[in-house]
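Colleague: how does the following fold in three dimensions:
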Amino acid sequence: MPEKKESKEWEIYDETIEKFIQVIAKNMNLYGITSSVGRLYGVLYFADQPMTLDDMRDALEMSKTSMSTGVRSLSDMKMVESTFKRGIRKDLYQSEEDWYKSFTSLFGNRWRHHTETNIEEADEAIYELEKLYEETTDEELKLKITRDIDRLRYAQNYYTWLMKFIQVIESGKIFDYIPKN
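Modeller: Residues are numbered from 1 along each chain as shown. Coordinates of the predicted model:
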């Protein structure tokens with residue numbers, strides 16, 4: 001870690017960066033990321049060079065195990081990558097600085113998983129309701145089942161559309177419609 005600078009200007013600088021890191025950490029819950037892992041990402045993002053787990057532990061005053069778990073989570077989301085520096089035997093990590101790439105990967109993975117689960121549940125519900133429809137003689141229940149199957153088919157159509165949207169995000173075609181700044 002670089003030597004800590006001592007002056008009013010450096011203090012203002014540190015406070016300003018820390019404030020922004022806090023905002024990043026707080027808003028990471030939108031992506032299903034805890035604030036502590038968000039802080040870790042913020043620290044890595046503003047680091048001038050790759051950091052070891054020990055460096056991260058010192059910067060955040062958290063356990064090495066927490067750092068390792070956080071780095072693994074961020075790595076799985078393609079927000080942090082392992083790097084190599086000649087002469088250093090410890091693992092080094094740096095943030096993925098392309099936020100667009102991180103977003104498309106994270107958004108795609110999270111939404112795809114949840115959407116696929118919803119599709120499976122809708123399919124299962126339709127199957128069960130159709131079976132019940134065939135078995136029951138209760139006309140009121142049959143009417144209710146018919147309306148609910150229609151609702152479930154509407155949901156399936158939405159999920160099919162959402163999967164197309166997710167593909168547009170994951171493929172990067174989204175940037176044809178909304179260019180990166």
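Colleague: helix/strand/coil for residue 82?
Modeller: Under DSSP: H, G, I helix; E, B strand; the rest coil, the three-state class of residue 82 is strand.
Colleague: check the gap between it and residue 54 for me.
Modeller: 15 Å (C-beta to C-beta, to the nearest Å). Where C-beta positions appear, they are placed from N, C-alpha and C, glycine not excepted.
Colleague: likewise for residue 95?
Modeller: 17 Å.
Colleague: and the two? which has more neighbours close in?
Modeller: residue 95 (21 against 12; other C-beta atoms under 10 Å).
Colleague: and the more buried one, what pLDDT?
Modeller: Residue 95 carries a pLDDT score of 92 in this model.
Colleague: partner residues bridging it?
Modeller: residue 80 (DSSP bridges).
Colleague: show me the contacts for it.
Modeller: 41, 44, 45, 47, 74, 79, 80 (C-beta atoms under 8 Å, 6 or more residues apart in numbering).
Colleague: wait, isn't the last one in contact with residue 91?
Modeller: Going back to what we said before, that points to residue 80. No. If you go by C-beta atoms under 8 Å, residue 80 and residue 91 don't touch, sitting 11.1 Å apart.
Colleague: neighbour-wise, which of these two wins?
Modeller: Ranked by neighbour count (other C-beta under 10 Å), residue 80 and residue 91 place residue 80 first, with 25 against 14.
Colleague: now that one: how far from residue 101?
Modeller: Taking C-beta to C-beta, one finds residue 80 at 12 Å from residue 101.
Colleague: so which elements touch whatever helix or strand residue 131 lives in?
Modeller: Per DSSP states H and E, residue 131 falls inside helix 99-135. Helices and strands touching helix 99-135, as assessed by 3 or more C-beta pairs under 8 Å, 6 or more residues apart in numbering; DSSP states H and E, comprise helix 139-171.
Colleague: how far does the host helix or strand of residue 16 sit from the chain's center?
Modeller: For residue 16, the host element (DSSP H and E) is helix 8-27. Put simply, helix 8-27 sits 23 Å off its chain's centre (C-alpha atoms, centre = their mean, to the nearest Å).
Colleague: who are the packing partners of the helix or strand following that helix?
Modeller: Downstream of helix 8-27, the first helix or strand assigned by DSSP H and E is helix 35-46. Judged by 3+ C-beta pairs under 8 Å, 6+ apart, helix 35-46 is in contact with helix 8-27, helix 53-60, helix 64-76, strand 92-95.
Colleague: as TSV, these with distance to residue 148 would be great.
Modeller: Converted to TSV, the helices and strands packed on helix 35-46 look like this (distance: least, C-beta to C-beta, whole Å):
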stretch	distance to residue 148
helix 8-27	37
helix 53-60	50
helix 64-76	37
strand 92-95	47
